[in-house]
Structures are given as C-alpha cells and as structure tokens.
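1. requesting a structural model of the entry that follows:
(one chain, ligands or ions: 1)
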Amino acid sequence: LASVAIVTLTAGGAFAQTVGFSQIGSESGWRAAETTVTRQQAEERGYDLRFSDAQQRQENQIAALRSFIAQDVDAILIAPVVATGWDAVLREAQEAEIPVVLLDRQVDSSDDLYLTAVGSDLVHEGAVAGEWLVTAVDGKECRVVELQGTTGSSPAIDRKTGFEQAIASHSNVSIVRSQTGDFTRSGGKTVMESFLQAEGGGANICAVYAHNDDMALGAIQAIREAGLKPGTDILVVSIDGVPDIFLALAAGEANATVELTPNMAGPAFDALKAFWDNGTVPPKFIQTESRLYTQKDNPQAEYEGRKGLGY
Ligand code: GYE
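-> As a prediction, this is how the structure comes out:
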C-alpha cells in the first residue's frame, strides 16, 4: 500500500519535474508549432513547464535563464535566438547543476556548457534547397535573391552556407541579392518588394531562396502584387514545411520546401529523463530528420495531415 501511495503522489505531480523553457518568440508558423508541441510533450509526461517568451531579444532569454536558475528548476530548454553571447549564463546554470538542452538553434559556446542540443542539420537543409534549384534550372542562367533569417542566428548562418556550397560549382546559378527578412512573413514581403524593384520589376530574378517558409510566403505575395506568377516566373524554394507552404505548393506558387519537425521537445525530454533517472549522458547533438517536398509530393494531402499539429 505504501508503494502505491508513492506512485500516486508522483503521478499526481507532487514530485513532478519542473522544466524552464526559454522560447525565442513567435516569428514563424514553425516556431508557434514548436511551442505547442513542447507544451503537449510536457503535459503528457507530467512535467511542470515554465514558459518564457523572449520576443526575439537575447537579453530577455538571459534574464529568463537566471530566473529559472533562481527557481532551481530540474532542467532548462532554450531555443537561442543568436549564436554568440551565452557563455556566462550557461556557466551559471552549470554551477547550479541544472542541465540545459538547446532546441533547434546552436550556440558558439563550448559544448561542455550544455547537456545536449536537439535540432536538424541546418547546413544540410540549405544544401538540399540549393541542389533542388540546380537540378530545376538544368544549366540555365539563374539569378537568385536570398531572404536570410535573423542576423546572427545559427539557421541563418548555416542555411546560407549550405546553399552556397550546393551552387558553388554551378556558375549558371548565383546569388545576386541577399538580405535579412528576420524569419517573418512581413519581413519577407518587404525585402522581396525591394528586390523586385531593384531587379527590373522582377524580370531579372529567376528564383527566391528563403531561409524559412514564412518569408517565402511573404515573398509570394510580393511577387503576385508585382504582377508576376510566383512558382512560374520566379521559382520559390524555402525551409520548414509549415501547412501554408504546402497549400502554396498545391497552388503552384511555391516549388520546394525542406521540412523539419517542430517536435524538438520529445527527444529533449527523452534525453533528460535518462539523465535524471540513470545519469545517462546523451550525445552532444541529437539530430532530427529533414526532408524535401516539391509540387509532385502530393502537397494537398501533406497540408491536410499537418494543419492540426499546432501550427
Ligand atoms: O526554421 C524558422 C524559425 O530555428 C530552425 O527558426 C529554427 C528556425 C525555423 O523561426 O522558421
């Protein structure tokens, strides 16, 4: 009977693990989905999730981490907005013996300052997008405009690198303009409008490469408003796999996306549980899958399958 009582107490949350989650903000559909999935995953496991929205500011994330440390949480999840500037606060968490797991973005700090990082191979995603474009244009000249993610963030840095690597040996494909749209739909639209204006109303642009789908969706709107056909007059390739990009693929207005899962918390909590229970130290990087989708991959059905997932 005594052991039954203890089990009940644990299941009831008396000894529930507390996890602080410092989220970047809600700049994209993918980000919103990651937040939803993280809450769901915590609830399923009976963890007490303490959520903090940094509204894109690193100083807010650093303050949130210090507050989680003061609350003596059992673990911290953080999606770090930019790559640099984390050493001091990560060291404070380490001194307090609170394991930190990075979600979806990387930091420049030494990897002994965090337990593990869950994310996709961001360079590879950019390379997949670039390889798709190289194949699609089949040797023809292609002047590309690039919409970069948040300046200084690891996905903006890595997705640029990967794409550039993929086109490097193809002199017919070149990036002619590149600017940040901050991973937002409105940023993508505004920057695309200026690209269109600078490039003969769009006549001199063959393709847009956006570091995420939301910026691509903003660009699609700008292309349409300029009187051109997105997906035909200007090719559109991006990354994330949010529901709306599948609708755009189905409508012929987007050409390709590289999907990454918004479920970073699942693998993160699995690693934390093994660490809490047995002291098992996970690998420093837990990689999630990425996959290319084009107009040929039944985008309407992909849309239907995703729309309830918290996007
Ligand atoms: O692709 C983008 C978001 O960090 C991998 O951040 C993530 C990126 C994602 O806002 O949409």
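
2. roughly how far apart are the residue lying closest to Leu260 once chain neighbours are set aside and Ile167?
-> When the adjacent residues along the chain are set aside, Leu260 lies closest to Ser120, with 4.4 Å between them (Cβ to Cβ, 6 or more residues apart in numbering). From N, CA and C alone the C-beta is placed, and that goes for glycine too. If you measure Ser120 against Ile167 using Cβ to Cβ, to the nearest Å, the figure is 20 Å.

3. what's the next secondary structure element after the helix or strand encompassing Gln221?
-> For Gln221, the enclosing helix or strand under DSSP states H and E is helix 213-225. Using DSSP H and E, the helix or strand that follows helix 213-225 towards the C-terminus is strand 235-240.

4. mind listing residues that contact that following strand?
-> Where contact means Cβ atoms under 8 Å, 6 or more residues apart in numbering, the residues beyond strand 235-240 that reach it are 28-30, 125-126, 129, 132-133, 136-137, 142, 159, 206-216, 219-220, 223, 230, 245, 248, 253-260.

5. now with 7 Å, please.
-> Strand 235-240 has contacts (Cβ atoms under 7 Å, 6 or more residues apart in numbering) with 28, 30, 125, 129, 132-133, 136, 159, 206-213, 215-216, 219-220, 230, 245, 254-260.

6. contacting residues for the residue nearest to Met215 when sequence neighbours are not counted?
-> In this structure, Met215 finds its nearest non-sequential neighbour in Gly188, 3.0 Å apart by Cβ to Cβ, 6+ apart. Under the criterion of Cβ under 7 Å, 6+ apart, the contact list for Gly188 reads Leu147, Gly181, Ala210, Asp214, Met215, Ala216, Leu217, Gly218, Ala219.

7. out of those, who's nearest Gly266?
-> Distance from Gly266 was checked for each of the contacts of Gly188 by Cβ to Cβ. The minimum falls on Asp214, at 23.1 Å.

8. list the contacts for that closest one?
-> Residues touching Asp214, when contacts are defined by Cβ under 7 Å, 6+ apart, comprise Ser28, Gly29, Phe183, Thr184, Arg185, Gly188.

9. which of these are close to the ligand?
-> Contacts with the ligand are made by Ser28, Phe183 out of these, judged by Cβ under 6 Å from any ligand atom.

10. quick check, nearest of the contacts of Asp214 to Arg177?
-> Comparing these against Arg177 with Cβ to Cβ places Gly188 closest, at 13.3 Å.

11. which helix or strand contains the closest one?
-> helix 185-198.

12. residues of that helix that come out buried?
-> For helix 185-198, burial by neighbour count (16 or more other Cβ atoms under 10 Å) applies to Arg185, Gly187, Gly188, Lys189, Thr190, Val191, Met192, Glu193, Phe195, Leu196.

13. how about the CA coordinates for that helix, as CSV?
-> What follows is helix 185-198 as a C-alpha-only set of coordinates in CSV (Å, rounded to 0.1, in the frame of the first residue of the first chain):
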residue,chain,number,x,y,z
ARG,A,185,6.2,36.9,-43.3
SER,A,186,6.1,40.7,-43.3
GLY,A,187,9.9,40.9,-43.4
GLY,A,188,10.0,38.5,-46.4
LYS,A,189,7.4,40.6,-48.2
THR,A,190,9.0,43.9,-47.6
VAL,A,191,12.5,42.8,-48.6
MET,A,192,11.2,41.0,-51.7
GLU,A,193,9.4,44.2,-52.8
SER,A,194,12.7,46.0,-52.7
PHE,A,195,14.4,43.1,-54.6
LEU,A,196,11.7,43.2,-57.3
GLN,A,197,12.1,46.9,-57.7
ALA,A,198,15.9,46.7,-57.9
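
14. figure out how far that helix is from the centre of its chain.
-> Averaged C-alpha coordinates place helix 185-198 at 21 Å from its chain's average position (Cα atoms, centre = their mean, to the nearest Å).
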